[in-house]
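Student: no sequence on this one, just coordinates:
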């Protein structure tokens, strides 16, 4: 995604777009057929690079068909369509899972879609001529930042399994990530045309927007995973577990364009603050659901709270507007791209961090339940006796009781996790006002 401006300048927008789609086709083909785990991991890397490039290059090509005065409309429309994937993607995957599709079939479907897309674009755009010119790229800065992000992602995703800093493996990657980050900052400060201009962090608005923005989106991505996992823990199918993400699309047709309009013409802080408050209320309401009453998740105030989840769609224009406040017009697009980079990285670690919190709270809640509901508790004794009356022996009855304790402790931990997110979003709702916006 972040190489897209350089690719479109050096090789042309259309040629770069078609090349990225070819990489997607080849990567999906290899991923669908390979039986080697490490080869599978390796080709996930070009798949991600090409997918990110396609998102940006499609927007660049689309903007060429409109005058500059219409570009805000084009970017709004493109962002609108892009955000629909958060609502439609999980249910679509759930449907495939319901019909017992193999995981390889997901890559084959992508292969078919990307092949059709390539030929459609090739037919309509092959005669389009792009002007190209050679521009330098900060390859060292890009390599250092990639190493830093990769190292910290390994630490977050594998830390809980490897016992965090008691593990030599985790310590090595943590040291590599910190060293790469320090070297990256020093290198970029001395680079004439840096890949990521760290001097932008000297601007308070840029720092606030690109601290609170990635935190909020990382939390949100992690909350998606926790919510779907909680529903599957209770026995809901993959498709039913993903349905709570659909109501957020109700906000999309009006909240996203409204946020774009207001953020570009007035103070964006009220818009951002409102969206953060909506996310805080969503997390708080989710933490108070009666997950244990079968089907109750879908007949309580689920529609209202999931509509509040749509607050995420209004954040992007407001956060982007705050981040470029006080920057020259030449640096504004670069600042937005840097914000996208940080938010993308937050997606990769948000699930891991919230998953770690969830696992620790699960263990804590399980200890609390065992201490308060011991095997000598009259109600527990009565429950076990009832199981034995139904024909279970003592070990089977204890296993059933243990499963119930594990399930309940997990759900209580889910509630704790969403309360943590609600409190954090509430703080962010007020912290965003530390940004300074000039009156227009």
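Tutor: Happy to help now that I have it. Remember, predicted model here, so these are calculated numbers, not experimental data. Residues are numbered from 1 along each chain as shown.
Student: show me the contacts for the closest residue in space to residue 379 that isn't next to it in sequence.
Tutor: Excluding the flanking residues, the one nearest residue 379 by C-beta to C-beta, 6 or more residues apart in numbering is residue 373, at 7.4 Å. For the C-beta atoms, the positions are set from N, CA and C on the backbone; glycine is no exception. Applying C-beta atoms under 8 Å, 6 or more residues apart in numbering, we find residue 373 in contact with 379-380, 405.
Student: tell me which of those residues fall in helices.
Tutor: 379-380, 405 (DSSP state H).
Student: show the buried residues in those.
Tutor: When the ones in helices among the contacts of residue 373 are checked for burial by 16 or more other C-beta atoms under 10 Å, the buried set is residue 405.
Student: quick one: the residue nearest to residue 379 from residue 380, how far?
Tutor: To residue 380, residue 373 is 5 Å away according to C-beta to C-beta, to the nearest Å.
Student: same check, this time on residue 252
Tutor: 48 Å.
Student: same question for residue 333.
Tutor: Residue 333 is 63 Å from residue 380, by C-beta to C-beta.
Student: report the central residue of this protein.
Tutor: Of all residues in the chain, the one closest to the mean position by C-alpha atoms, centre = their mean is residue 347, 3.5 Å from it.
Student: give me the element it is part of.
Tutor: Using DSSP states H and E, the element containing residue 347 is helix 329-372.
Student: give the other helices and strands that that helix contacts.
Tutor: When contacts are defined as 3 or more C-beta pairs under 8 Å, 6 or more residues apart in numbering; DSSP states H and E, helix 329-372 sits against helix 139-159, helix 204-233, helix 315-323, helix 394-431.
Student: the same query, at a cut-off of 10 Å, please.
Tutor: Applying 3 or more C-beta pairs under 10 Å, 6 or more residues apart in numbering; DSSP states H and E, one finds that helix 329-372 contacts helix 4-10, helix 37-63, helix 139-159, helix 204-233, helix 315-323, helix 394-431.
Student: for residue 389, what are its contacts?
Tutor: For residue 389, the contact set (C-beta atoms under 10 Å, 6 or more residues apart in numbering) comprises residue 397.
Student: circling back to that earlier point, name the nearest of the contacts of residue 373 relative to residue 132.
Tutor: Comparing the contacts of residue 373 against residue 132 with C-beta to C-beta places residue 405 closest, at 64.3 Å.
Student: list the contacts of the closest residue to the closest one other than its chain neighbours.
Tutor: Nearest-residue entry for residue 405: residue 369, 5.3 Å, with adjacent residues in sequence omitted and distances by C-beta to C-beta, 6+ apart. Residues in contact with residue 369 (C-beta under 10 Å, 6+ apart) are 404-406, 408-409, 412.
Student: cutoff 7 Å now
Tutor: Going by C-beta atoms under 7 Å, 6 or more residues apart in numbering, residue 369 touches 405, 408-409.
Student: check residue 327 too.
Tutor: 203, 335.
Student: before we move on, the earlier item: want to throw the contacts of residue 373 into a markdown table with distance to residue 82?
Tutor: What follows is those, written out as a markdown table (distance: C-beta to C-beta, whole Å):
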| residue | distance to residue 82 |
| --- | --- |
| 379 | 52 |
| 380 | 51 |
| 405 | 43 |
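Student: export those to a markdown table and tack on distance to residue 235 and pLDDT?
Tutor: A markdown table is the format used below for the contacts of residue 373 (distance: C-beta to C-beta, whole Å; pLDDT from 0 to 100):
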| residue | distance to residue 235 | pLDDT |
| --- | --- | --- |
| 379 | 24 | 78 |
| 380 | 23 | 77 |
| 405 | 17 | 80 |
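Student: closest to residue 326 out of these?
Tutor: residue 405 (54.5 Å).
Student: how is this structure divided into domains?
Tutor: What the record gives for the chain is the domain set 1-132, 138-194, 199-440, from automatic domain parsing.
Student: what average pLDDT does the shortest one get?
Tutor: Mean pLDDT, domain 138-194: 86.
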